[in-house]
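Undergrad: next come a sequence and a model predicted from it.
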Amino acid sequence: MGVPLQVVLDQPEFVWNEVDPGAASSFIDTPRWHEIKVETACRAVNYEDGPMLAVLLASESDGHRVILSVPAVCADRVSLVNIARKISRNYAGNELAAEDEPLQYADLSKWLNELLESEESGEGRSWSQRR
């Protein structure tokens, strides 16, 4: 196979926008906030050159509002929940240790390929091919 199915970058590429709510007491209730959400959701995606993730941050007196925009082929609902949890933990100062980080697909795929190609798995491969 000559085309990679997944590319993992050393440094993630994303669009970052911060919105100043100005004098609005509750910016998320304003028409401008809803307009920004629609613009973020309708953002054109360049699948070859990225970025795949768009982040929008609005600060208010009672906290921050964040919008994450990712194409469906790049992240599902569970992925977005995991990203939101990680942002929340980091914001609260509870960052996970490196050994607690979830396993990435690329790491799992590499491990499975190494397992399939190892001498120890030869007997199991022969057995499944006979069935």
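TA: Alright, I've got the coordinates. Numbers count the residues shown, from 1 in each chain.

Undergrad: show me the strands in the chain, by range?
TA: Ranges of strands within the chain are 14-19, 53-60, 63-69, based on DSSP state E.

Undergrad: report pLDDT for the closest residue to L53 other than its chain neighbours.
TA: Spatial nearest neighbour of L53, chain neighbours left out: F14 (4.0 Å); criterion: C-beta to C-beta, 6 or more residues apart in numbering. All C-beta atoms are positioned from the backbone trio N, CA, C, and that covers glycine. F14 is assigned 72 on the pLDDT scale.

Undergrad: next: P102.
TA: Reading off the model, P102 has pLDDT 69.

Undergrad: likewise the one 4 residues further on?
TA: The per-residue pLDDT reported for A106 equals 81.

Undergrad: quick one: it from R43, how far?
TA: 26 Å (C-beta to C-beta, to the nearest Å).

Undergrad: quick one on the thing from earlier: wait, isn't the residue nearest to L53 in contact with L57?
TA: No. Counting by C-beta atoms under 8 Å, F14 sits too far from L57 to count as a contact (11.8 Å).

Undergrad: rewinding a little: residue contacts, the residue nearest to L53?
TA: 51-55 (C-beta atoms under 8 Å, 6 or more residues apart in numbering).

Undergrad: let's see that with 6 Å instead.
TA: 51, 53, 55 (C-beta atoms under 6 Å, 6 or more residues apart in numbering).

Undergrad: quick one: it and R32, what's the gap?
TA: 22 Å.

Undergrad: for the residue lying closest to V73 once chain neighbours are set aside, what are phi and psi?
TA: Using C-beta to C-beta, 6+ apart and skipping the chain neighbours, the partner closest in space to V73 is Y47 (7.9 Å). Here is the backbone geometry of Y47 (degrees, to the nearest 10): phi -70, psi -20.

Undergrad: numbering from 29 from now on, please.
TA: Done: numbering now begins at 29, and the last item shifts to Y75.
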